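Peer 1: quick one, structure for this:
(2 chains)
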Amino acid sequence: MEIITRFAPSPTGYIHIGNVRSAIYPYLLARQNNGKLILRIEDTDRARYVEGATELIEDTLKWLGIDWDEGPIVGGPNGPYFQSERKDIYHTWARKLIESGRAYADPTSPEKIDEYRKECNDKKIPFLYRNYRPENPPEWQPGIPLRFKAEPKEYSWHDEVMGDIQTGPEVLDDIILIKKDGYPTYNFAHIVDDYEMGVTHLMRGVEYLSSTPNYLAIYEALNLDRPKIISLPHILAPNGNKKLGKRDGAKSVTEYREDGILPEAMLNYLACLGWNDGTEQEIYTKEELIKSFSIERIQNSGARYDETKLLWMNGQWIRRIFDEQGIDALYERTLGFWPENAKDATDEYKKKVLSIIYDRLKTLSDLREMTAYFFSDPKIDIDMLVNNKFLKKLAESELESLLKTSISKLSNLKTWDADNLQSTLNELLKSTGKKPAELFSLIRIAVSFAPFSPALHLTLDVLGREVSLARLNAVASAI
RNA sequence: GGUCUCGUAGUAUAACGGUUAGUACAUCGGGUUUUCAUCCCGACAACGCGGGUUCGACUCCCGCCGAGAUCACCA
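Peer 2: Below you'll find the predicted structure:
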């Protein structure tokens, strides 16, 4: 049997880390089994529709490397893939329910319904609309909502993540199928669509678990086979125990792109939040995820979102790309993350900088803060020099003479490269009798005025003879 | 309140009913010629509580407690 999964967001805004997992897992499952992933846009709520949200969703998925086999852009045999364009289909199915006596038009006003609800609240009994069914429902026509006619009974079903679940008749109610504006509710539309599109595995957040019996009742009334149901636990906000949502400041997935998070790291982190393959592997490529993913090993409790681990993983991925694909591949990823003053620098030079700094990056955007002194002379800050933990023991006159000794020694260097610089620095250490902490800190700060920088010989090598000596001279005369 | 779900260190997680309860992030210490980082070594730190079943329970059962989800003409 071909496995068909779907991701069905509603275009009400961006996709954030709290809900993107319900795209990742269906994707992994589909790819693992040579199945299909369908992207369906659930835009039946006209009031909440946000212009451009569909594009944002598509963009997010593409960035993460999630491609779909049917849906917007790519099309497919089961379209349209926007629910707003499928009204006729829902109405056709709705009529079947009316004919079989399992749906009725409900002219009751929302105000009246609120009264019923309040009545129950006051009596402290559960509100069930089926206890208030209108006696003689009119013919269904535009402008009147259509309700399902529930038949209270027990249901039990298997959820691939949550296990066997049983519920009593008290959870079944007459839910709205078609709203008065003629659009279907999610409750009805997704059932029709999943069936028409041949979905075999339905993955969605646990928030739908409570409504599942009502969905089961509709499948039954329509005499439809249902897909396997897979409820995904929530991702919890860093603080508190609530599910992560936009209100908790959940950032959009693509915002992380701007922060210099690699899509590989994002996918890796999110996939492994609430799922593991039982081994101690932490870093997975997309291909590895596809290979080892399994529904059975999805955690059934909520997982807390922890940005620190994402950052760690991103650092791992930055190094991995450098190690496996080389400097050019990593460099391509960094475009757009360099400091303003690097805009006139050549690619070759920036690659050199990147090759000595990449292993201290947590995000690509760290480049902006960490590399500025490679592209223009830093502001001389004598205080930073004299207050340095290692240098404050030395008199300023001593710093000056140390600098001058270093300058003259370095000036005589025949070939300015990392190896020669390293041996010259070693010689300087011997001849001055200073500790590395003193001599190296002095030169390092004089040349960068940054809180930290790569190994000294590498830094000098990349800066070049001219720039290095010029900066050292400038500092020597400023002391 | 009704219904359903969940409960291993701060976090993410591992563990045929038998282990000194493993791993990773974080934190703290140490090492690699300065700094920051990488890398390496080490430390801290957990089975929510109470009953059963069993020779033996993190694991199975029951109760409690705690947390969450849901009860819309939103999805």
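Peer 1: okay, the closest residue to residue A:184 other than its chain neighbours: pLDDT?
Peer 2: With Cβ to Cβ, 6 or more residues apart in numbering as the measure, residue A:90 is the residue that lies nearest to residue A:184, at 4.2 Å, once sequence neighbours are left out. Just so you know, the C-beta spots here come from the backbone N, C-alpha and C atoms, and that holds for glycine as well. Note for residue A:90: predicted pLDDT of 98.
Peer 1: isn't residue A:90 right next to residue A:191, touching?
Peer 2: No - applying Cβ atoms under 8 Å as the test, residue A:90 and residue A:191 come out as separate, 9.8 Å apart.
Peer 1: and the residue nearest to residue A:184, how many neighbours?
Peer 2: Burial measure for residue A:90: 23 neighbouring residues, criterion other Cβ atoms under 10 Å.
Peer 1: quick one: it from RNA strand B, how far?
Peer 2: Between residue A:90 and RNA strand B the distance, using Cβ to the nearest atom of the strand, to the nearest Å, works out to 11 Å.
Peer 1: how far out from the middle of the chain is stretch A:205-217?
Peer 2: 26 Å (Cα atoms, centre = their mean, to the nearest Å).
Peer 1: in stretch A:252-263, what counts as buried?
Peer 2: Buried positions in stretch A:252-263, judged by neighbour count with 16 or more other Cβ atoms under 10 Å: A:252-254, A:256-257, A:260-263.
Peer 1: correction: stretch A:292-301
Peer 2: Judged by neighbour count (16+ other Cβ under 10 Å), stretch A:292-301 contains these buried residues: A:292-293, A:295, A:298.
Peer 1: what's next to that stretch, contact-wise?
Peer 2: When contacts are defined by Cβ atoms under 8 Å, 6 or more residues apart in numbering, stretch A:292-301 is touched by residues A:25, A:28-29, A:32, A:160-163, A:201, A:230, A:232-233, A:271, A:274-279, A:284.
Peer 1: among these, which are in reach of RNA strand B?
Peer 2: Among those, the ones lying close to RNA strand B by the criterion of Cβ under 7 Å from any atom of the strand are A:162-163, A:274-276, A:278.
Peer 1: the strands in chain A, which residues?
Peer 2: Secondary structure of chain A (DSSP state E): strands at A:4-7, A:36-39, A:103-105, A:146-148, A:155-159, A:163-167, A:176-178, A:201-205, A:228-232, A:235-236, A:303-304.
Peer 1: dump the residue contacts of the closest residue to residue A:306 other than its chain neighbours.
Peer 2: Of all residues beyond its chain neighbours, the one nearest residue A:306 is residue A:238 (6.8 Å), with distances taken as Cβ to Cβ, 6+ apart. When the contact criterion is Cβ under 8 Å, 6+ apart, the partners of residue A:238 are A:248, A:304-307.
Peer 1: which non-adjacent residue is nearest residue A:273?
Peer 2: Nearest non-adjacent residue to residue A:273, counting by Cβ to Cβ, 6+ apart: residue A:303, 4.8 Å away.
Peer 1: do residue A:26 as well
Peer 2: Counting by Cβ to Cβ, 6+ apart, residue A:5 is the residue found nearest to residue A:26 once chain neighbours are left out, at 3.5 Å.
Peer 1: beta partners for the one you found?
Peer 2: residue A:37, residue A:201 (DSSP bridges).
Peer 1: walk me through the domains of chain A.
Peer 2: With automatic domain parsing serving as the domain definition, the record reports that chain A contains domains spanning A:4-82+A:236-304, A:86-233, A:307-374, A:382-478.
Peer 1: now the terminal residues of the second one, how far apart.
Peer 2: Just to be clear, that refers to domain A:86-233. Domain A:86-233 has an end-to-end distance of 30 Å (Cα to Cα, to the nearest Å).
Peer 1: ok, back up a step: pLDDT added to the buried residues of stretch A:292-301, as a markdown table?
Peer 2: Below are these laid out as a markdown table (pLDDT from 0 to 100):
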| residue | pLDDT |
| --- | --- |
| A:292 | 95 |
| A:293 | 96 |
| A:295 | 95 |
| A:298 | 96 |
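Peer 1: residue A:94: which of the residues you listed is nearest?
Peer 2: Closest approach to residue A:94 among these (Cβ to Cβ): residue A:295, at 32.2 Å.
Peer 1: check the spacing between the closest one and residue A:25 real quick.
Peer 2: Applying Cβ to Cβ, to the nearest Å, the value for residue A:295 to residue A:25 is 8 Å.
Peer 1: quickly list what's touching both of those two.
Peer 2: The contact sets of residue A:295 and residue A:25 overlap at residue A:230 (Cβ under 8 Å, 6+ apart).
Peer 1: residues from the stretch 201-350 of chain A in reach of RNA strand B?
Peer 2: Residues of the stretch 201-350 of chain A lying near RNA strand B (Cβ under 7 Å from any atom of the strand): A:206-211, A:234, A:236, A:240-243, A:272-276, A:278, A:280, A:282, A:297, A:299-304, A:306, A:308-309, A:312, A:315-316, A:319.
Peer 1: buried ones among the residues you listed?
Peer 2: Listed as buried from these are A:206, A:208-209, A:234, A:236, A:243, A:272-276, A:302-303, A:315-316; burial here means 16+ other Cβ under 10 Å.
Peer 1: let me see the contact set for the spatially most central residue of chain A.
Peer 2: The residue lying closest to the centre of chain A (Cα atoms, centre = their mean) is residue A:253, at 3.8 Å. Listed by Cβ under 8 Å, 6+ apart, the contact partners of residue A:253 are A:14-17, A:20, A:60, A:63-64, A:266.
Peer 1: tell me where the longest helix sits in chain A.
Peer 2: For chain A, the helix that runs over the most residues, judged by DSSP state H, is helix A:307-334.
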